[in-house]
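> Pasting the sequence and the predicted model now:
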Amino acid sequence: MPRLGCVALLLLASASCFAASAPQPPQRGEELQITDDEVGHYGGVLAVGQRSEPKTLNPATAADAPSREVIGRLTADLIHINRASQQTEPALAKSWTVSKDGRVFTVNLRHGLRFSDGQPFDADDVVFSFQVYLDEKLHSPQRDLLVVAGKPIQVQKVNQYTLRFTLAEPYAAAERIFDSLAMMPRHLLQKSYQEGKFAQAWTLNVPPAEIAGLGPFSLKEYVPGQKIVLERNPYFWKADRNKNRLPYLDELVFLFVGNEDAQVLRFQAGDTDIISRLSAENYVLLSKEASKRGFELFDLGPSLEYNFLVFNLNDLTSKKLDEVAAKQTWFKDLKFRQAVSSAIDREGIVKLVYAGRGAALWGNVSPSNKFWVDQALPHPPRSLDHARELLKSAGFSWRGDGQLVDAQGHAVEFSIITSTSNAQRTKMATIIQDDLGKLGMNVHIAPLEFRAVIDRVFQTYDYEASIMALGGGDADPNPEINVWLSSGGTHLWHLGESKPATEWEAQIDQLMQKQMVQLNYKQRKQLYDQVQEIIAANVPYAFLATPNILVGAKKNLANFKPAILEPTTLWNVEQLYFLNGNGPPSGAKQ
Amino acid sequence: MTSNRKIAAAVIFLLALHLAILLAGFVAPYPPAAQNRDFPYVPPTRLHFVDARGHLHVRPFIYQYVARPDSLYEYTEARDREYPVHFFVQGSEYKIAGWLSSHTHLFGVDAPAQIFLAGTDNYGRDQFSRILFGGQISLAAGLLATAISLLLGVCVGCLSGFYGGWIDESAMRLAELFLVLPWLYVLLAVRAFLPLHLSPAQTFLLLVAVIGTIGWARPARLVRGIVLSAKSRKYVTASRGFGASDAYILRRHVLPHTYGTLLTQAAVLVPQYVVAEVTLSFFGLGLSEPMPSWGNLLANLQQYNVLVSYWWMFAPAIALVLVSFGYLIVANAFHQRLQSGSI
């Protein structure tokens, strides 16, 4: 009999560790968001691969993509950008009003919501969260987004469920600022913030009981070097049409797989259920056995990222980089840059680097950005003759052996640095090297470690040309402001300008400032179109191409609606469910 | 004896390969950096002798490859026209050993067809040509580095064996240090300290210097052993009695004993150093684009999709294996001759 009792105890214990947190039934006074999608059923574990391990679970200090990917599933924001429609929608805020001058937002929170540990959520948590994001000593990466016209956004609590946000100036698409700004629990973090230890809070080793959020999942387990396991948040504030509280999935597991090839192998083997950011060759490889192995691949069209070749136009007078400074006489010549741009085989890049799954670019706005791309932007075809004419008119000539020389007789020779962590950009460099070789330019390629590239481009300016990529965050032009403003932190071709170095950069400054406070979309588009045209005419970057967004998922994963904006596959993770069930929670596996 | 035949075959194969690689410009149909962007990852061109109508041709011919419209990097042969393979054709200009220039290539086909005996890579570059030109770099690096190693080894070994004392002690302790170092990591570390923007020629010479300098220890110890035993021979004592200088004794009586060992060492070291250069280039620390070397040709295989889909990209590895086999068979032969005393 005691043996039976032991067995029963054991069964009970194992059953309880198998049981994921069951969703709590809706309470009275709790204002849930009802979603309109396909109704699913509960159960299943979704496994996703990550190329590198997250560094922290702290929403205010995380800067790297893997950390943000995990934190995004644990937390929620006030106003959210729907990744599919690219428009804003209510999230923790059920409604909001904007004053006539566009500066004051009055936001009404949903009543009765609770964090994943059961504690109530109200305006005090919002005030606390913004206090942390705006803290100057903490240097949160989100702080820049909340500073408009040099002044940080002001947050005022009106009552337990209402807040007022005041901007120093009207800001176009201001409500987009709130997307992905996680609301943090005051009851768990205020103490460490007041003690000045906030930056050390919520590392990966945080005990699950000390971390809570408003996202669809909460932290269950972290195994260093292997995986992070998230389990259903029983108090999540969204429900489907039949008032079933979301998410459907029991658990979400992030496996640390290392690199893209390893990701592909795991996905092929069935260890992971979703794969995102596929390169085109792996897409082709996987598509050959898609039907056999029960998964489906999706090509979502061009991404928002733009790859470009940038020449070093920085002011080098204070640095001892005489060789680079000498070559800048070529780079600073508009005709030289135009000739380079004219000689580049963009179609070849799309065909060879992206296996045809990409789009050539002549501007910084991708063709998939339907709201903001300038349809009238010229797309001149590749022309080596045109490039040679431009070079001739700029005073260049060719030696007997085909080498291009400038007006002083110096051979045109320079190097392009790329990051070793991105094989695609190194391939683009090889193609451009061959293209410019046809113009008689002697181009070297120097692949460097990623941090070395960043150091040279942002700090030491010890480089001649580089191939880099920007963009992809949001479709709206405002997050790009730091790229195009002459004082901006990512104004790569000439950093640290105290005032615009050229006439056209001054024009861009004015236009960008104007569009930032222009609330009318049509007028804003006109301004931004002008910006795109000035950029295309002055070639600070020779734009190259953008890859298509390629993702894959198992066939039995329902409600899978990949989008172009990050996170492309997990943005609606609360609505994903498995058609045929997908195994017991992680406790049962080895 | 079959082993003699084996050795003869190995020697002839090595000579033929080295000749082909020296004359890479002539043997290869295309320049190594020429991109054909419409033909990425084309499989090796098949040589046909029997045409579609069933006639046998003495001269082999090829069909032109055409990309399949619906799928990526897949090609079919266009059977409408046959392109016979011609020999001693006129093509792009090249230079043999940097000074003799010519337009004649060993074989080729009429335009617009192209003959890719080992397929093409991501940029449509002919792998057969690239393997030949790459062999110039890899084999030359191996041979030059071997020469440097042996030179250093002979100098140190002779001096330490002949003079003994503190010269011998310090040299041999240094040699032990070099023997203990894991050569791959040392290579990587040294390469990391060198400047990044180097011209291809400078990179090549640096590579050779680095590889050669790391490997002097083993030849040095072997030479030292031979010198020690030669030093104590009676005719050396006699020679000294007649007033011979150290240099004369070294040159006339001691060094000739080392030739056999040096030859064997050379045959062993060359493939090792070729592999060292290939390793460095494989990791991206050797020659950069577009100069080919067997290492950076093999680096393409680091991508999983290339590894599983395009089998012809393994060809440089086969060349490397054959070269290593050839040299090792020769080394073995030298070693056996040495043991039996005929060297």
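Nice, thanks for sending it over.
> any idea which helix or strand carries B:Leu144?
helix B:127-163 (DSSP states H and E).
> In the chain, what helix or strand scores lowest on average pLDDT?
Using chain A. helix A:2-18 (a mean of 55; mean pLDDT, DSSP states H and E).
> um, chain B though
For chain B, counting by mean pLDDT, DSSP H and E, that's helix B:183-193 with a mean of 75.
> Quick one: low-confidence residue ranges for the stretch 1-150 of chain B.
Applying pLDDT under 70 to the stretch 1-150 of chain B picks out residues B:1-2.
> So which residues on it come close to chain A?
Residues of the stretch 1-150 of chain B found near chain A (CB under 8 Å from any CB of the partner chain) are B:33, B:35, B:37, B:40, B:72-73, B:122-124. For every residue, glycine as well, the C-beta is placed using N, CA and C.
> Could you rerun that using 6 Å?
B:35, B:37, B:40, B:72 (CB under 6 Å from any CB of the partner chain).
> can you pick the most crowded of these?
The residue in the residues of the stretch 1-150 of chain B next to chain A with the most neighbours, by other CB atoms under 10 Å in any protein chain shown, is B:Gln35 (24 neighbours).
> Just confirm that residue is within a strand.
No: read with DSSP: H, G, I helix; E, B strand; the rest coil, B:Gln35 is coil and lies in no strand.
> nearest spatial neighbour of A:Gly395, skipping sequence neighbours?
Spatial nearest neighbour of A:Gly395, chain neighbours left out: A:Ala407 (3.8 Å); criterion: CB to CB, 6 or more residues apart in numbering or on different chains.
> Kindly apply the preceding question to A:Lys243 instead.
A:Pro26 (6.1 Å).
> that's a helix at that neighbour, yeah?
No: assessed with three-state DSSP, A:Pro26 is coil; it does not lie in a helix.
> For the helix holding B:Leu144, name the packing helices and strands.
Applying 3 or more CB pairs under 6 Å, 6 or more residues apart in numbering or on different chains; DSSP states H and E, one finds that helix B:127-163 contacts helix B:2-22, helix B:24-27, helix B:165-180, helix B:200-214, helix B:217-231, helix B:259-282, helix B:294-298, helix B:315-339.
> quick check: mean pLDDT across the fourth one?
Which is helix B:200-214. Across helix B:200-214, pLDDT averages out at 83.
> does that helix come close to chain A?
No: counting by CB under 6 Å from any CB, chain A is not contacted by helix B:200-214; separation bottoms out at 8.6 Å.
> and that helix, how far out from the chain's middle?
Per CA atoms, centre = their mean, to the nearest Å, the displacement of helix B:200-214 from the mean C-alpha position of its chain is 14 Å.
> next one: the first one
On the basis of CA atoms, centre = their mean, the separation between the geometric centre of helix B:2-22 and that of its chain is 14 Å.
> what's the angle from that helix to helix B:315-339?
130 degrees (axes from the mean of the first three to the mean of the last three CA atoms, to 10 degrees).
> okay, helix B:2-22 in CSV with CA atoms only?
In CSV, the C-alpha atoms belonging to helix B:2-22 read as follows (Å, rounded to 0.1, in the frame of the first residue of the first chain):
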residue,chain,number,x,y,z
THR,B,2,56.0,-2.8,-58.4
SER,B,3,57.2,-0.3,-55.8
ASN,B,4,59.7,1.1,-58.3
ARG,B,5,56.9,1.5,-60.8
LYS,B,6,54.8,3.1,-58.1
ILE,B,7,57.6,5.6,-57.4
ALA,B,8,58.1,6.3,-61.1
ALA,B,9,54.4,6.9,-61.5
ALA,B,10,54.4,9.3,-58.6
VAL,B,11,57.4,11.2,-59.9
ILE,B,12,56.0,11.5,-63.4
PHE,B,13,52.6,12.6,-62.0
LEU,B,14,54.2,15.2,-59.8
LEU,B,15,56.3,16.5,-62.7
ALA,B,16,53.4,16.7,-65.0
LEU,B,17,51.2,18.4,-62.4
HIS,B,18,53.9,21.0,-61.7
LEU,B,19,54.5,21.6,-65.4
ALA,B,20,50.8,22.1,-65.9
ILE,B,21,50.5,24.4,-63.0
LEU,B,22,53.6,26.4,-64.1
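> quick one: it to helix B:127-163, angle?
Computed by the same axes, to 10 degrees, the angle separating helix B:2-22 from helix B:127-163 equals 110 degrees.
> Next, give phi and psi for the residue nearest to A:Lys243.
phi -60, psi 140 (degrees, to the nearest 10).
> how deep is it tucked in, by neighbour count?
15.
> Spatially nearest residue to A:Val155, not counting backbone neighbours?
Excluding its sequence neighbours, the residue lying closest to A:Val155 (CB to CB, 6+ apart) is A:Phe130, at 4.4 Å.
> The one you found belongs to a helix?
Yes: with three-state DSSP as the criterion, A:Phe130 is part of a helix.
> does the residue nearest to A:Gly395 sit in a helix, a strand or a coil?
Applying three-state DSSP: A:Ala407 is coil.
> so it sits right up against A:Phe396, yeah?
No: at 7.1 Å, A:Ala407 and A:Phe396 do not qualify as touching, with contact defined as CB atoms under 6 Å.
> Near chain A, which residues of the stretch 201-343 of chain B are found?
Counting by CB under 6 Å from any CB, the stretch 201-343 of chain B sits next to chain A at B:284, B:288-289, B:304-305.
> Can you list the buried residues in stretch B:50-67?
B:61-65 (16 or more other CB atoms under 10 Å in any protein chain shown).
> Looking at these, which is nearest chain A?
B:Tyr65 (15.8 Å; CB to the nearest CB).
> Where does whatever residue of the stretch 251-400 of chain A ends up closest to chain B sit, in terms of helix or strand?
Nearest to chain B in the stretch 251-400 of chain A, going by CB to the nearest CB, is A:Asp261, at a distance of 3.7 Å. Using DSSP H and E, A:Asp261 sits in helix A:260-269.
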